[in-house]
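[1] sequence? don't have it. structure:
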């Protein structure tokens, strides 16, 4: 959810207790829409993050580290000029607005004390950070808006700052009286409870409106036409929420998926997901927002990095597919080479009746038992001997091409299999290190160019660690995260007497059971096979065949791509990928 007005009120309350009275020691602008204020005082220090990004407008304390640009932007320089050494006097919020006003006591260029105000507007695409003087005249702002050619509210240096206009026709939920509620409440068979709340009240996010509908009637989109209690349950839940907000009874809650990845947050416990998602109580609103947006940014960076690599690999894969199609068509044509030799033989047998300048030879086909006539195209500019030689030469060329094409097709099919394995690795990547390891592999194999800082120095990005597991009976199990790790695990780390597992004819991780020459128990074999199936392209499938053998039976063909091996003397076990079991066995 966006940081709505009520949730922002909870953040304001928390920040007021923590940072009022502290001084601004540093100002940084690591990204275009993000300002970091380092605060000191009262025997402590902290960092306040202010973001005006349309997809992540927020304000909270942060533990996250940002890399600063080589030269600070102009707005950052201006804030440093006016705010370094300033003391925070108060943090206020206009009623039910997504705006915070931080009042500061600063020293001007003459050494005199003066009040300034840092206004944080967290309003979607027009979010802004605005510095004003004590006279509310705008000194400067992060995002300049307006001018003589627009009807939007102008936010420009030198203008008087005006707060955003309140949405007309809507009520402030925190100040709504019983009479106003009763007047606003009207049954409408053409809408649902959540949409009605959203249309009548500002400062309520869509998720909170759905939550009130669920709490009152057990559905997030309950039709108003089906309400039987004249809205009594909705009235009760609405004013319970309002009472808690007015009493500053805020609680930070994060909503996460089954993997623990935060997907939303709120200032009240969200119950509408009914166990489908995990709802976790956080220690503070700053911790909640810092974790949520840091994780969100991490996932987005991972997605962006992966998308660039994916595009490169898919382009190379598609090119090989087109090349293979052409080669197979050409190979198919070489299979007709015997006809070329036969044409030469028939021409040779009929030279005594042929003359130069003929374009067609029609003669008995002695290669057919039925003795039919064969029609052979001739080059009228060549003698019969030259026409025969031409067909023999084309036959020899086709015979040589067949041998060459078969080898080229074999190599192209191997290359195609490798690229498809890389695409599977990208899908299974769990973090940025995994993606960077895949990128390093593609640089080494020539599909990507090394970046400038990678050409003469080893990459600063350390290889991600192997996936590690412990079976129910205590045996150690290892799995590679990418093709390079698969080679290292199978060919260097594992001993010859360990057990090697891999999905049958399906791209996936190499899995090793560290057993010291002993035969693993059936439980360990099954669990290792499940791990191999889960970390493969068949993860979302049903039954999966997993082959296993001793490491000594696994060989790497000379010149083959990373991760490509052959194996013998194997047996097969059929398992089903099980995320819950894999999670239980995984070691940190």
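    Great, that's in hand. What you see is a predicted model, and the numbers here were worked out from it, not measured in a lab.

[2] have a look at the chain and report the helix or strand with the lowest mean pLDDT.
    helix 452-455 (a mean of 50; mean pLDDT, DSSP states H and E).

[3] who are the packing partners of the next helix or strand after it?
    Later in the chain than helix 452-455, the nearest helix or strand by DSSP states H and E is strand 467-470. With contacts taken as 3 or more CB pairs under 8 Å, 6 or more residues apart in numbering; DSSP states H and E, strand 467-470 sits against strand 476-479, helix 522-534, helix 579-585. Yep, even glycine has a C-beta here, placed from its N, CA and C like the rest.

[4] how about those, which one is nearest residue 221?
    Closest approach to residue 221 among these (CB to CB): helix 579-585, 30.4 Å.

[5] would you mark the buried spots in the closest one?
    Judged by neighbour count using 16 or more other CB atoms under 10 Å, the buried positions of helix 579-585 are 581-582, 585.

[6] pLDDT wise, what is residue 456 at?
    On the pLDDT scale, residue 456 is placed at 43.

[7] which strands and helices sit next to the lengthiest helix in the chain?
    Ranked by number of residues, the top helix in the chain under DSSP state H is helix 285-334. Helix 285-334 is packed against helix 5-19, strand 58-61, strand 253-256, strand 262-266, helix 384-428, helix 432-444, with contacts defined by 3+ CB pairs under 8 Å, 6+ apart.

[8] rerun that using 10 Å as the cut-off
    If you count contacts as 3 or more CB pairs under 10 Å, 6 or more residues apart in numbering; DSSP states H and E, helix 285-334 packs onto helix 5-19, strand 44-51, strand 58-61, strand 253-256, strand 262-266, strand 278-281, helix 384-428, helix 432-444.

[9] residue 519: which of those is closest?
    helix 384-428 (29.3 Å).

[10] my read: residue 172 touches residue 246, true?
    No - in this structure residue 172 lies outside contact range of residue 246 using CB atoms under 10 Å: 11.2 Å.

[11] between the two, which is the more surrounded one?
    Counted by other CB atoms under 10 Å, residue 172 and residue 246 do not tie: residue 172 has more neighbours, with 17 against 14.

[12] any idea how many residues pack against the nearest residue to the more buried one once chain neighbours are set aside?
    Of all residues not flanking residue 172 in the chain, residue 96 sits nearest, at 4.5 Å (CB to CB, 6 or more residues apart in numbering). Using other CB under 10 Å, residue 96 is surrounded by 24 other residues.

[13] hang on, residue 96 in a strand?
    No - secondary structure of residue 96 (DSSP: H, G, I helix; E, B strand; the rest coil): coil, not part of a strand.

[14] any stretches of the stretch 351-500 of the chain with poor pLDDT?
    By pLDDT under 70, the low-scoring segments of the stretch 351-500 of the chain are 431-432, 451-464.

[15] what about the spatially closest residue to residue 266 that is not a sequence neighbour, distance to residue 178?
    In space, and not counting its chain neighbours, residue 266 is closest to residue 253: 5.0 Å by CB to CB, 6+ apart. According to CB to CB, to the nearest Å, residue 253 and residue 178 sit 28 Å apart.

[16] give me the more crowded residue out of those two.
    Just comparing residue 253 and residue 178: by other CB under 10 Å the higher neighbour count belongs to residue 253, 17 against 9.

[17] in the sheet, who's paired with the more buried one?
    Beta-bridge partners for residue 253, by DSSP bridges, are residue 266, residue 281.

[18] quick one: contacts for it?
    Residues near residue 253 by CB atoms under 10 Å, 6 or more residues apart in numbering: 264-270, 279-282, 288.

[19] which among those count as buried?
    Buried members of the contacts of residue 253, counted by 16+ other CB under 10 Å: 264-268, 270, 279, 282, 288.

[20] residue 386 touches residue 348, doesn't it?
    No - counting by CB under 10 Å, residue 386 does not reach residue 348; the two are 11.8 Å apart.

[21] who has more neighbours out of these two?
    Higher neighbour count among residue 386 and residue 348: residue 348, with 16 against 13, using other CB under 10 Å.

[22] next one: phi and psi at the more buried one?
    Main-chain dihedrals, residue 348, degrees, to the nearest 10: phi -60, psi -40.

[23] give me the number of residues near the nearest residue to it once chain neighbours are set aside?
    Distances taken as CB to CB, 6+ apart put residue 388 closest to residue 348, at 5.0 Å, once the chain neighbours are dropped. Counted by other CB under 10 Å, the residues lying close to residue 388 total 23.

[24] again, but for the one 5 residues further on
    The tally of other residues near residue 393 (other CB under 10 Å) stands at 12.

[25] low-confidence ranges in this protein?
    For the chain, applying pLDDT under 70 flags the ranges 1-2, 147-151, 167, 186-189, 259, 298, 301-302, 431-432, 451-464, 588.

[26] how does it divide into domains?
    What automatic domain parsing lists as the domains of the chain is 5-141, 173-287, 305-464, 467-585.

[27] which one of those lies nearest to residue 163?
    Residue 163 sits nearest to domain 5-141 of all the domains of the chain, at 5.5 Å, using CB to CB.

[28] over to that closest one now: how far is its first residue from its last?
    From its first residue to its last, domain 5-141 covers 22 Å (CA to CA, to the nearest Å).

[29] one more: stretch 364-373?
    End-to-end distance for stretch 364-373: 4 Å, by CA to CA.

[30] now swap in stretch 375-395 and tell me
    18 Å.

[31] relative to residue 396, how far out is residue 386?
    15 Å.

[32] do the same with residue 509
    47 Å.

[33] what does residue 483 give?
    41 Å.

[34] so the two - more neighbours on which side?
    More neighbours surround residue 483 than the other of residue 483 and residue 396, with 25 against 13 (other CB under 10 Å).

[35] which SS class is residue 229?
    Under three-state DSSP, residue 229 falls in the coil class.

[36] ok, it - contacts?
    So residue 229 contacts 216-217, 235-236 (CB under 10 Å, 6+ apart).

[37] quick check: phi and psi at it.
    phi -110, psi 20.

[38] cool, the one 10 residues further on as well?
    Here is the backbone geometry of residue 239 (degrees, to the nearest 10): phi -80, psi -20.
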